[in-house]
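1. Predicted model and sequence follow; I will ask about them next.
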Amino acid sequence: MGLTRDELRGGFRGLGLDSGDGVLVHSSLSSLGRVDGGAETVVDSLRDAVGDDGTLMMPTFTRYDRPYDLDTSPSTVGAITEAFRKRSAAVRSSHPTKSVAAIGPNARTLVDNHDLRNSIGPGSPIHRLIDERGGAVLLLGVDHTTNSALHVAERLADLPYRDQLAETTIRRGDGSTETVEVNRVHCSRGFGVVGSIARRLGVGREGRVGDAAARLLDGRTLLSLVVELLDEQPGLLLCDVPDCDRCAYGRRRIATTG
Ligand SMILES: [Zn+2]
């Protein structure tokens, strides 16, 4: 027997997710253990947890080296996000590499006008969910290295390093393609450090949903915490992976401007 829709809903409610909430979900299906009905059941149970007045958002990121088709390009960030974007109620944003999908009363306005060069910065769909809707961040079986909201904090903190630009392609409804320039968000492999800091400060709630370790954090609290930390320590989110060009660039910028 796998996990049921009701058990999952109970798990999300136990974590503090409530009717009417807005929440950005980062997830790993396999972390939950066996789920009856798989990813579809997880999507149903999340919708049950926030109700008809709640708003769910998930990243539906896509590859730089493939043309982006809003209707058909699969999400590269997990089975739950792919099941979610295919729902008839879901609206997906037009960003060719960092699209998000949302379901709920505010979904359309949250994902509209996704700026090509502001994929996950101030005013982007993820920031709008947090800032305008008081949205939370749910990490379901994943750690902060997948937490896209931290890219918003990087931009709000006015760090000496900047997003680089990259080219990618959009495919229109009529089959034509267009090459565009997008910002390339910074490396997130160093974001895990936020987990232990948040835990130490008592920010967010942790628990289990099925077999998955899960955390629910208030988005505004998380952003202000990380912005404050970055003001003190601008290299906080840079990773230690030896061949990481982007974090090496970040360190150089910090060294030359600090
Ligand atoms: Zn890195």
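-> Received it, and whenever you're ready, just let me know what you need.
2. How many residues are close by the closest residue to Leu150 other than its chain neighbours?
-> Counting by CB to CB, 6 or more residues apart in numbering, Leu150 lies nearest to Phe191, which is 5.1 Å off, once chain neighbours are set aside. (C-beta placed from N, C-alpha, C; glycine too.) By other CB atoms under 10 Å, the residues close to Phe191 number 25.
3. Any buried residues in stretch 157-168, and which?
-> Going by neighbour count (16 or more other CB atoms under 10 Å), the buried part of stretch 157-168 is 157, 159, 161, 163, 168.
4. for the last one, what are its contacts?
-> Translated: Thr168. Residues near Thr168 by CB atoms under 8 Å, 6 or more residues apart in numbering: 64-65, 68, 96-97, 179-180, 182.
5. among the residues you listed, which two are most distant?
-> Asp65 and Val180 (13.8 Å; CB to CB).
6. Phe44: what's its closest spatial neighbour, skipping adjacent residues?
-> Rather than Phe, residue 44 is Asp. Per CB to CB, 6+ apart, closest to Asp44 is Arg5, 5.2 Å.
7. doesn't Ser45 make contact with the one you found?
-> Yes. Using CB atoms under 8 Å, Arg5 makes contact with Ser45 at a distance of 4.8 Å.
8. hmm, back to that, need the pLDDT of the residue nearest to Leu150.
-> Phe191 is assigned 98 on the pLDDT scale.
9. what's the distance between it and Gln233?
-> 14 Å (CB to CB, to the nearest Å).
10. can you check Asp65 too?
-> Noted for Asp65: a distance of 34 Å to Gln233, by CB to CB.
11. And the residue nearest to Thr55 when sequence neighbours are not counted, its phi and psi?
-> Leaving aside its sequence neighbours, Thr55 sits nearest to Gly104 (CB to CB, 6+ apart; 3.1 Å). Main-chain torsions, Gly104, degrees, to the nearest 10: phi 140, psi 170.
12. Next, work out how far apart the residue of the stretch 51-200 of the chain found nearest the ion and Asp69 are.
-> Nearest to the ion, among the residues of the stretch 51-200 of the chain, is Cys187, at 3.1 Å (CB to the ion). Distance, Cys187 to Asp69, by CB to CB: 27 Å.
13. Now for the residue most central in space within the chain: which residues touch it?
-> Central residue of the chain (CA atoms, centre = their mean): Ser148, 3.8 Å from the mean position. By CB under 8 Å, 6+ apart, the contact list for Ser148 reads 24, 26, 59, 98, 120, 126, 185, 188.
14. Leu237 reaches His186, doesn't it?
-> Yes. Contact criterion CB under 8 Å: Leu237 and His186 qualify, at 7.5 Å.
15. which residues are in contact with both of those two?
-> With CB under 8 Å, 6+ apart, Leu237 and His186 have common neighbours Glu154.
16. Could you list the low-pLDDT ranges of the stretch 151-258 of the chain?
-> Within the stretch 151-258 of the chain, the stretches with pLDDT under 70 are 258.
17. any chance you could map the helices in it?
-> Along the stretch 151-258 of the chain, counting by DSSP state H, counting those that start in this stretch, helices occupy 193-201, 219-232, 245-257.
18. Which residues of the stretch 101-250 of the chain lie near the ion?
-> 187, 189, 239, 244, 247 (CB under 5 Å from the ion).
19. Surely Phe12 is within a strand?
-> No. Secondary structure assignment (DSSP: H, G, I helix; E, B strand; the rest coil) places Phe12 in helix, not in a strand.
20. Identify the residues contacting the nearest residue to it once chain neighbours are set aside.
-> Leaving aside its chain neighbours, Phe12 sits nearest to Ala49 (3.9 Å; criterion: CB to CB, 6+ apart). Residues near Ala49 by CB under 8 Å, 6+ apart: 9, 12-13, 17-19, 21.
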